[in-house]
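Q: predicted structure and sequence below. I'll ask about it afterward.
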Amino acid sequence: MAEKLSNYKYKTPIPIRFSDMDAFGHVNNAIYLTYFEIARSNYWRDIIGWDWNETGIILGRSEINYLKPIMINDVIACYVRTTRIGNSSFDVMHVLVKVTEHGEEICTTGKTVCISYDYQANKSVPIPRKQRQSMIEYDEPGLILNTN
């Protein structure tokens, strides 16, 4: 997954906690899903305006590509964008970068398949119209594959 950062508008800082470290002194591989979750949640709140009282979201699939280790003193951020929108599911790409004095280095990329979900009915539901439109408008229509 070679990602171009120029395709991304949304970026959020990610705090590294001491508890994220493994015995080798770098962020444990399982923690990356938490970093992606932090970034997605911020994106949905700040940009998409997802109404959690109306519709939930569950994960159907996660993929991670580990490219470079992240250490305790690194400053990191995560870029997020929607790349595909279906009827009830949509794909979100994540790019974790290390912020250095020479610019940003891509450390990890990942994709999650997210599913619009009604917890009361215990089933997937169509993506709410407002949130669908927000994803399309923010992440540029030419960059999103609309499978509807």
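A: Yep, it's here. What you are looking at is a predicted structure, and each value in this text was computed from that prediction instead of being measured.

Q: got the contact list for Ile106?
A: Contacts were defined as C-beta atoms under 8 Å, 6 or more residues apart in numbering; by that measure Ile106 touches 3, 5, 67-68, 95-97. (C-beta placed from N, C-alpha, C; glycine too.)

Q: what about 10 Å?
A: Taking C-beta atoms under 10 Å, 6 or more residues apart in numbering, we find Ile106 in contact with 1-5, 65, 67-68, 79, 95-98.

Q: among the residues you listed, which are in strands?
A: Among these, DSSP state E puts 65, 79, 95-98 in strands.

Q: just the buried ones from these?
A: 79, 95-98 (16 or more other C-beta atoms under 10 Å).

Q: thinking again about what came up before, export the contacts of Ile106 as JSON lines, with columns for distance to Asp51 and pLDDT.
A: Shown next, in JSON lines, are the contacts of Ile106 (distance: C-beta to C-beta, whole Å; pLDDT from 0 to 100):
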{"residue": "Met1", "distance to Asp51": "30", "pLDDT": "46"}
{"residue": "Ala2", "distance to Asp51": "34", "pLDDT": "62"}
{"residue": "Glu3", "distance to Asp51": "29", "pLDDT": "79"}
{"residue": "Lys4", "distance to Asp51": "31", "pLDDT": "87"}
{"residue": "Leu5", "distance to Asp51": "29", "pLDDT": "92"}
{"residue": "Asn65", "distance to Asp51": "32", "pLDDT": "97"}
{"residue": "Leu67", "distance to Asp51": "35", "pLDDT": "96"}
{"residue": "Lys68", "distance to Asp51": "37", "pLDDT": "96"}
{"residue": "Tyr79", "distance to Asp51": "24", "pLDDT": "97"}
{"residue": "Val95", "distance to Asp51": "27", "pLDDT": "97"}
{"residue": "Leu96", "distance to Asp51": "27", "pLDDT": "98"}
{"residue": "Val97", "distance to Asp51": "30", "pLDDT": "98"}
{"residue": "Lys98", "distance to Asp51": "34", "pLDDT": "97"}
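
Q: nearest to Leu33, of these?
A: In terms of C-beta to C-beta, no member of those lies closer to Leu33 than Leu96, at 11.2 Å.
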